[in-house]
Structures are given as structure tokens and as C-alpha cells.
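Colleague: fold the following and give me the result.
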Amino acid sequence: MKALILMTRIPVPGKTKTRLMEILSPEECAALHECFLKDVFAALELLDDVDIYVSHTTEGDLDILKAIVPRGVEFLPQKGEKLGERMNNAVAEVLLRGYSKVMLIGSDIPGLQPCDIDDAFSRLDANDVVLGPTLDGGYYLVGMKSLHARIFDDSLKWGNKSVLEGTLDIANKLGLETGLAAKYRDIDTRNDLECFMTFATEGVNHCEVFPQNTVEFLITRWSGDYAKRYAEK
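Modeller: Numbering: from 1, shown residues only. Below you'll find the model as predicted:
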């Protein structure tokens, strides 16, 4: 029995994707985050025999998320002050429900493919922990069969390029076998958006699930008045 937890903020203007506010308005950042969520769920809906949970921040109106997330998905409010504590609590809560494998992912990778999530679950057969690296040195996915709380050590500088390396070091010291899933670029910065658009317009024809919502949103804003405003930044 497998479960996947999508960890996300509620897309409220001014509270999400704030690093992109140098080129997008708070409302556009929230709308972009909503597109990410729709595209990620388009991929998750193709997974077989995986129960989906949404671990959400408590800042904002939960009805915003309910309008985006497919019916049948259970919502879990995040518990804890720091990111590591919140991830640990979410994984612990779901493992206690009797699942043999639990995966936790972030919401910043609209191009995530279901085949890569399936592969990550498969890698747990031979490993204690699976991590999905990001190009900036962090990770977007962590999976385990039993709780290894020290993996979520809040002494790690979350968002720093040393997060993956630090987590692998912790796992090694604990004697845990660790597998790596497919690598992705999460979208936090202007450069990430530019790379995503290149990927989306030139390299995703082979994708099982095309990130339609995010691409359409960005194409709209990469033209007309937005393009002029963007170029002036």
C-alpha cells in the first residue's frame, strides 16, 4: 500500500513564490502556483494504487486548495515550525495509517512525470530512503518505508545548495541505503522560469503529461505588455 504526500502552501497573493515577485505581481505568483498544482495533479492522477494526500500550510483559505485539488484527496494541515519538522510530521502521520511506502514531494515542479514517481517507489524496494535531486542542490522528493526522522534535520539550511549533500551525509551516517530518483529543476527564480520555458517549448514532446496550465500561463505573460515589463526588469 503506497501513499504520496504533496506538500504545498495555499496559493495566496504575497505568500507564495515570493522570489518571483521581481518579475511577477503577487497575484501572478499565486496564479502561477495554482498552475503548478494543476499540472502536478494531472501527473498524479495517472498513478496506480497510490493514495494522495495534500499537506498544506494553514495560512490562507483552504477552499482555494479545494477548488484546485481533485475530489477524494485528503488534506492534512502542516504541523511544526520549521520545514524539516513539518515534513517529518507529515510522513510520520501517513506512515501510521499503515502504508508500506510513503513519498513526499514539493509543488514547484509542474513538469514532473508519473513514470518518475513510479520509479522512485520502485527504488524503495532496495533502499531505505529515496531522494529526488533538484538542479540547485536540494531535493523535491523524499520517500521511505519507515520513519527516519533525522533525515529531516532542521540544522540543514533548507533552500541552500547543500541540502541534498547534507541529507545524503546524514543517511550515510545512519547506515541507510539511499537511492536517487530522476533529477528536476524546481521553479523558484526568474532563471528557473526561463529554463522551464525552454524545456517546455523545445523538449517536452516526449512527456507523458504535458504541463499545459503552466505553459499557457507563461506564454500569455511572455507576450504583449508583460514581455515589455519583463524586459525592463
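Colleague: CA atoms of stretch 62-74 as PDB?
Modeller: Below are the C-alpha coordinates for stretch 62-74, written out as PDB (Å, rounded to 0.1, in the frame of the first residue of the first chain):
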ATOM      1  CA  LEU A  62      -8.400  26.100   2.400                       C
ATOM      2  CA  ASP A  63     -11.200  26.500  -0.100                       C
ATOM      3  CA  ILE A  64      -8.700  27.800  -2.500                       C
ATOM      4  CA  LEU A  65      -6.900  24.500  -2.500                       C
ATOM      5  CA  LYS A  66     -10.100  22.500  -2.500                       C
ATOM      6  CA  ALA A  67     -11.100  24.300  -5.800                       C
ATOM      7  CA  ILE A  68      -7.800  23.000  -7.400                       C
ATOM      8  CA  VAL A  69      -7.300  19.600  -5.900                       C
ATOM      9  CA  PRO A  70      -9.300  16.600  -7.300                       C
ATOM     10  CA  ARG A  71     -12.000  15.200  -5.100                       C
ATOM     11  CA  GLY A  72     -11.100  12.300  -2.900                       C
ATOM     12  CA  VAL A  73      -7.700  13.700  -1.900                       C
ATOM     13  CA  GLU A  74      -7.300  14.100   1.900                       C
END
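Colleague: what comes up buried for it?
Modeller: Ile64, Leu65, Ile68, Val69 (16 or more other Cβ atoms under 10 Å). C-betas here are computed from N, CA, C, even on glycine.
Colleague: so of these, which ones are in helices?
Modeller: Those of the buried residues of stretch 62-74 mapping onto helices are Ile64, Leu65, per DSSP state H.
Colleague: farthest pair in the buried residues of stretch 62-74?
Modeller: Using Cβ to Cβ, the buried residues of stretch 62-74 span at most 9.8 Å, a distance reached by Ile64 and Val69.
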